[in-house]
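In: pasting the sequence and the predicted model now:
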Amino acid sequence: MTQIGSATLLRVLHVEDAPANRALVRAILDRAGQERWARVDLREATTIAEARSILASEPTDVVLLDVRLPDGNGLDLVDEIRTRAPQAKVVVVSASVLPADRASALETGADAFLAKPFGAADLEQTLGRLT
């Protein structure tokens, strides 16, 4: 995160292929950003390849990472995030919510797991714990 005066800029990369899910996160962060941070800089990727490109070129504080993506398993990206953006917090966002799925996501090195479907309060609380 970057300080802007006494307020904070939160740089979020959302890796999600479903347009409705991207729109939901965008709406939540637009509203929450005004209350918690000076600004939320939201970047979106629909594939692992797009996420890699953004991570290589732009600072990132939080990655919201879907598991099922068109070009592979999002969990395979966690190690790369740790290398390319070691300061970034990783939140795995998945509809696979069995205890084994949650455990697997956290075992990859993710900082948090957010089950789909989720509401604004769920996302805000998760980001609040991590930032």
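Out: Right, received. Where do you want to start?

In: can you list the buried residues in stretch 23-30?
Out: Of the residues in stretch 23-30, 24-25, 28-29 count as buried by neighbour count, 16 or more other C-beta atoms under 10 Å. Where C-beta positions appear, they are placed from N, C-alpha and C, glycine not excepted.

In: swap that for stretch 50-66, please
Out: Within stretch 50-66, judged by 16+ other C-beta under 10 Å, the buried ones are 50-52, 54-55, 60-66.

In: who does the longest strand seen in the chain pair up with?
Out: In the chain, assigned by DSSP state E, the strand with the most residues is strand 7-15. Partners of strand 7-15 in the sheet, by DSSP bridges, are strand 2-4 (antiparallel), strand 39-45 (parallel), strand 62-66 (parallel).

In: quick one: low-confidence ranges for this protein?
Out: Applying pLDDT under 70 to the chain flags the ranges 1-7, 33-35.

In: for it, which segments are assigned as helices?
Out: 19-36, 48-57, 78-84, 99-107, 120-130 (DSSP state H).

In: residues in contact with the last one?
Out: Yep, that's helix 120-130 we're talking about. 10, 25, 28-29, 31-32, 36, 62, 89, 91, 111-112, 114-115 (C-beta atoms under 8 Å, 6 or more residues apart in numbering).

In: and it with strand 39-45, angle?
Out: 110 degrees (axes from the mean of the first three to the mean of the last three C-alpha atoms, to 10 degrees).

In: from the chain's centre, how far out does helix 120-130 sit?
Out: 11 Å (C-alpha atoms, centre = their mean, to the nearest Å).

In: got the buried residues for it?
Out: 123-124, 126-127.

In: hmm, which two among the residues you listed are most spread apart?
Out: Glu124 and Thr126 (7.4 Å; C-beta to C-beta).
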